[in-house]
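> Everything below, folded, please.
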Amino acid sequence: MTGIVRGFEVKTNRDSEQKVLMLQVEISGPGDIQSVEAMTFAGMQIVPPNNSIVTVVKAGNAWKIAPSQNDGIDFDSSLEEGESKIYSSNGGVEKAFIKLLKTGIIHVNGDSKDAARKDDTIKSTPVEDATFWTWLSGAAAILAGLGLAVPIPTSLTGKITTGTDKVRMP
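Okay, the predicted model is just below:
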């Protein structure tokens, strides 16, 4: 049978002290709201949005589980065999996503932003960092006014010297 998600809460499940996601699912009509334990793949925790369609399986006299959900978002037809996609949604619209490609490449939010890693080479020119280069030109002008000739480079290269254990992409 299927149902429509109308809400959720985190509770302790009936057979252990494990905290689980309990969905409030409309089964046969507006008055028939039942608590159903959401079960997804190991390693993934998903809170399906309201109005998602869930498959409901009876697993005992008074225990029902929802092993799958459909949030109404179209399947990504660019995925190839062996690839995965994890995403969040709001109001039936995909928001943030991560694609795990079979080539070993990870795409985050459609590659709309670049990421840098420790030991990557970086380049700075007036186009990439106008504020710094304006400051550098001003400092050079002040030094020239004092009679000091300072050569101004047209670009700089460097290396990222520290890393982080957390990455957040806008």
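
> Any idea what the closest residue to K64 other than its chain neighbours is bridged to?
Closest residue to K64 apart from its sequence neighbours, by C-beta to C-beta, 6 or more residues apart in numbering: V36 at 4.6 Å. In this view, the C-beta of every residue, glycine as well, is placed from N, C-alpha and C. Per DSSP bridges, the residues bridged to V36 are L23.

> Could you give the number of residues near V36?
Number of residues near V36 (other C-beta atoms under 10 Å) recorded here: 25.

> Look up how far L101 lies from it.
34 Å (C-beta to C-beta, to the nearest Å).

> same check, this time on P30
Taking C-beta to C-beta, one finds P30 at 43 Å from L101.

> quick one: which of the two has more around it?
The neighbour count for P30 versus L101, taken as other C-beta under 10 Å, is higher for L101 (15 against 8).

> And that one, how close does it get to V47?
The value you get for L101 to V47, if C-beta to C-beta is used, is 26 Å.

> again, but for I106
For I106 relative to V47 (C-beta to C-beta), the value is 23 Å.

> Let me see the domain layout of this structure.
2-70, 73-115, 121-159 (automatic domain parsing).

> can you pull the buried residues of stretch 140-147?
Within stretch 140-147, no residue is scored as buried using 16 or more other C-beta atoms under 10 Å.

> Please enumerate the strands of this structure.
2-12, 19-26, 33-38, 53-58, 64-70, 84-90, 93-100, 106-108, 121-124, 156-159 (DSSP state E).

> Adding mean pLDDT and distance to L148, write those out as JSON lines.
Output for the strands of the chain, formatted as JSON lines (pLDDT from 0 to 100; distance: least, C-beta to C-beta, whole Å):
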{"stretch": "strand 2-12", "mean pLDDT": "90", "distance to L148": "66"}
{"stretch": "strand 19-26", "mean pLDDT": "90", "distance to L148": "67"}
{"stretch": "strand 33-38", "mean pLDDT": "88", "distance to L148": "69"}
{"stretch": "strand 53-58", "mean pLDDT": "88", "distance to L148": "72"}
{"stretch": "strand 64-70", "mean pLDDT": "77", "distance to L148": "68"}
{"stretch": "strand 84-90", "mean pLDDT": "85", "distance to L148": "55"}
{"stretch": "strand 93-100", "mean pLDDT": "85", "distance to L148": "51"}
{"stretch": "strand 106-108", "mean pLDDT": "84", "distance to L148": "46"}
{"stretch": "strand 121-124", "mean pLDDT": "79", "distance to L148": "23"}
{"stretch": "strand 156-159", "mean pLDDT": "79", "distance to L148": "20"}
